[in-house]
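Sequence first, then the predicted structure:
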Amino acid sequence: MTRLIDPVLLRTLAAVVRSRSFSRAAEQLGLGQSTVSQHVQRLEAQLGRRLIARDTHSVALTPEGETVLGFARTVLDAHERLERTLAGGPVRGKVRFGASEDFVQSRLSEVLRDFREAYPSVDLELSVALTGFLNDALSRGELDLVLGKRHVGETQGMLVRRDRLVWVGLPTALPERGEPVALASFPAPSITRAIALAALAQEGRAFRVTCTCASLSGLRAAALAGVGVMAQPRSLIPDGLQELAHPDLPRLADVEFVLSGPGLHREPSRALAHEILNADIWD
């Protein structure tokens, strides 16, 4: 191969995979959807490989695409570090980072560990809470960057990923015919709680909240005890629980993961945002 691969094309590929949509990738990158499609087509033509399998419902990587994506993330990370180095030496300062409770049992901890190792001159302060509380802290100037959730159609923040909410728990917690759905849930103003209650109400399903807890580990313990079922993003199902299907459990809406805050546009928070955007946290 005699031509160098443009990092812009690699960045577009990573955004399409991350958001699982050409239109959402365009929103995230600030480009037109046709431009995103052209970037992917140019990259496929340059490599002589089909990277993305497209249909009317989903976007998925081909085996060749999986290989290319791994290299793309390495290249983009090196490119970002080079830009920061040329801009004036090592990144320093403090990052006040907030993460929604749902993410604490994902591979986010690995990203934060790698960030601390890569940027030893940056002080990282972590806050874990419900997205609504984190956004309140953000508005008060108490946080620089938040990884949280939003309803589909909302515009606050930079889209990281869109995911399907599903019912999870143990089969023994499913309701018998005519019984109300037993629900284990985060307290208000939890987005997943709001979506679950709205779906149950819209379908006219009787329910009772059997456990309310602000901790994901507490909800997991309740679900493992068969106290109730939970609504969780499909990519964040806690260990030991499984996705459930039942006539009394209505389909749940999608939810979007987003990065928000002034730290998206300034160092050192921008460096952490870059690490999160390019990590395999949910794959």
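Received, thanks. Numbers count the residues shown, from 1 in each chain.

can you map out the strands along this protein?
52-54, 59-61, 93-100, 122-129, 145-151, 158-169, 181-185, 207-212, 230-233, 242-243, 254-260 (DSSP state E).

Those strands: which one's closest to Phe22?
strand 59-61 (6.9 Å; CB to CB). C-beta: built from backbone N, CA, C; applies to glycine.

which parts of that closest one are buried?
Going by neighbour count (16 or more other CB atoms under 10 Å), the buried part of strand 59-61 is 59, 61.

So what sits opposite Cys211 in the bridge?
Ala184 (DSSP bridges).

any low-confidence regions in the stretch 101-250 of the chain?
The model of the stretch 101-250 of the chain has no residue with pLDDT under 70.

Would you map the helices across it?
108-118, 131-139, 191-202, 216-224 (DSSP state H, counting those that start in this stretch).

hmm, who's touching the first one?
In this structure, residues lying in contact with helix 108-118 by CB atoms under 8 Å, 6 or more residues apart in numbering are 81, 97, 99, 122, 124, 126, 147, 271-272, 275-276, 279, 281.

Just the buried residues of the residues you listed.
97, 99, 122, 124, 147, 271-272, 275-276, 279, 281.

quick one: which two of the residues you listed are the most distant?
Using CB to CB for every pair in the buried ones among the contacts of helix 108-118, the one that comes out farthest apart is Val122 and Ile281, at 19.5 Å.

just to revisit the earlier point, so which of the strands of the chain gets nearest Val68?
Closest among the strands of the chain, using CB to CB: strand 59-61, at 8.3 Å.

Which other helices and strands does that closest one contact?
helix 7-19, strand 52-54 (3 or more CB pairs under 8 Å, 6 or more residues apart in numbering; DSSP states H and E).
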